[in-house]
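Student: Prediction below, plus the sequence it came from.
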Amino acid sequence: MTALATLSVCLLSGAAWGQKYPVTPAQSATAKQVAQAGVPLSELAPDAPDSYTIKSGDTLWAISSLFLRSPWRWPELWGMNLDDIRNPHLIYPGQRLVLDKSGGLAKLRLADGANGEPVDLETVRLSPRVRSEKTSDALTTLQTRAIEPFLAEPVIVEESELSSAPRIVATQENRVMLSRGDRAYARGPSGMPMLDDKNKTQRLRVFRNATPLKDPTTGEVLGYEAQFLGKAELVRGESTQDTENRDGKLQSVIVPATIDVVSTKEEMRVGDRMLPEPEREFPSYTPRAPSGPVSGRIVSVYGSAVVNAAQNQVVVINRGRRDGIESGHVMAILKDGQQLVDKTDPEQPQIKLPDERNGLLMVFKTFEKLSYALILDITDGVRVGDRLSAPR
């Protein structure tokens, strides 16, 4: 075996041991279809290079946009040469991609190495069914720095979750603010006490200021966006205890649950709410157009006091799982045409200019009625209320 510490053993299906690089059946089917038929030269980007050497910091989205008119059509770029690029999630800096335009169809191949293996990787035959790959350096679909907090700290909650969320009711020594290492006490809503599970550690997300997010068109409250504060751990559940009152009579009193603060993004205080921490997700995004016609609007710009959003900012859209939206879906952002008076007409009628495409965004986390999306590229500022459509 090579001495490289980052070597992992991968199955021929392309799933890396200890790290997920999924290829969905739909993506595989698209790739096989394109592998057989090829991509018409008309589908190539006007300035598609004859070859390109992958650099550190590149992403699959950026590389796809070099070769194809539509960057979200990554499975088709991969399918140009299925023998060379078996898994688009396992290509590496230093490899050179060559565009073959012979026969009137476009095909993509690797000039160095084979099967998506990095050029500088020493490969040792382990068995007929496995191969070695340096997975830690493989390109990601997108630069994920902008969305990483949203993968670990989802802050959109449904109304039912909000109403049933336990709250911090007291602190030790009447502290006003809580930080990492502090202990506090919490209660669930009436009839729903916080109970512990002796078989596993229960982690909680702490939040406050749940702001309603309304559909710009219908006014429906689609969910609540909360301010993430940090994480806590449930030490003991709620209980009741019999104790004597001033008259010497026994009475039953509530004993709140005990929590320990394990991490803080901002200081916590009495009244803050909690929800169970979901299991950490490690998604691998393959940008793609929705399968059918879609429409929607931008509901809010995350972390901004203004209504404008720029490239690489996160926005909330008014479409979610109930509307068939999935992580990886790419949508076009449309800028509403200006309304003005036609001064060239003696009657000076009111006219509205056509809506123009202003950029692209990609959904990366879905909820029932809402989704988080990353703005991939824009021509002009994106505003709350801007319309969305399928990218084609």
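Tutor: Noted; the coordinates are in hand.
Student: which phi and psi does the closest residue to Leu250 other than its chain neighbours have?
Tutor: Nearest residue to Leu250 in three dimensions, chain neighbours excluded: Asp242, at 5.0 Å (Cβ to Cβ, 6 or more residues apart in numbering). C-beta coordinates here come from the backbone N, C-alpha and C atoms, glycine included. Main-chain dihedrals, Asp242, degrees, to the nearest 10: phi -90, psi 130.
Student: what's the distance between Asp242 and Gly248?
Tutor: Separation of Asp242 from Gly248 (Cβ to Cβ, to the nearest Å) stands at 13 Å.
Student: How many residues are close by the residue nearest to Leu250?
Tutor: 8 (other Cβ atoms under 10 Å).
Student: Please apply the same query to the one 4 residues further on.
Tutor: As a burial measure, the neighbour count of Arg246 was computed by other Cβ under 10 Å and equals 5.
Student: from now on call the first residue 890
Tutor: All right, first residue 890 from here; so that's Arg1135.
Student: Name the SS class of it, please.
Tutor: State at Arg1135, reduced to three classes by DSSP: H, G, I helix; E, B strand; the rest coil: coil.
Student: picking up where we left off before, for the residue nearest to Leu1139, list the residues it contacts.
Tutor: 1139-1142 (Cβ atoms under 8 Å, 6 or more residues apart in numbering).
Student: per-residue pLDDT, the nearest residue to Lys1224 once chain neighbours are set aside?
Tutor: What sits nearest to Lys1224 in space, not counting adjacent residues and going by Cβ to Cβ, 6+ apart, is Asn1247, at 4.2 Å. Per-residue confidence at Asn1247 stands at 90 (pLDDT).
Student: What is the burial count for Asn1247?
Tutor: For Asn1247, using other Cβ under 10 Å, the count is 20.
Student: Same question for the one 3 residues further on.
Tutor: Neighbours of Leu1250 under the rule other Cβ under 10 Å: 29.
Student: and the gap between it and Asn1197?
Tutor: Distance from Leu1250 to Asn1197, by Cβ to Cβ: 14 Å.
Student: Could you do Ile1267 as well?
Tutor: 10 Å.
Student: Equivalent analysis for Val1219, please.
Tutor: 21 Å.
Student: returning to what we had before: for the residue nearest to Lys1224, give me its contacts.
Tutor: Counted by Cβ under 8 Å, 6+ apart, Asn1247 has contacts 1222-1224, 1267-1269, 1271, 1275.
Student: hmm, which of those residues are the buried ones?
Tutor: 1222-1224, 1267, 1271, 1275 (16 or more other Cβ atoms under 10 Å).
Student: Would you point out the most distant pair within those?
Tutor: Greatest spacing in the buried ones among the contacts of Asn1247, by Cβ to Cβ: Leu1223 and Ile1267 (11.5 Å).
Student: In stretch 1049-1069, which residues are buried?
Tutor: Of the residues in stretch 1049-1069, those buried (16+ other Cβ under 10 Å) are 1050-1051, 1054-1057, 1060, 1064, 1067.
Student: now stretch 1157-1164
Tutor: 1157-1159, 1161-1164.
Student: from the middle of its chain, how far away would the helix or strand hosting Arg998 be?
Tutor: With elements taken from DSSP states H and E, the one containing Arg998 is strand 994-999. Computed by Cα atoms, centre = their mean, to the nearest Å, the chain-centroid distance of strand 994-999 equals 30 Å.
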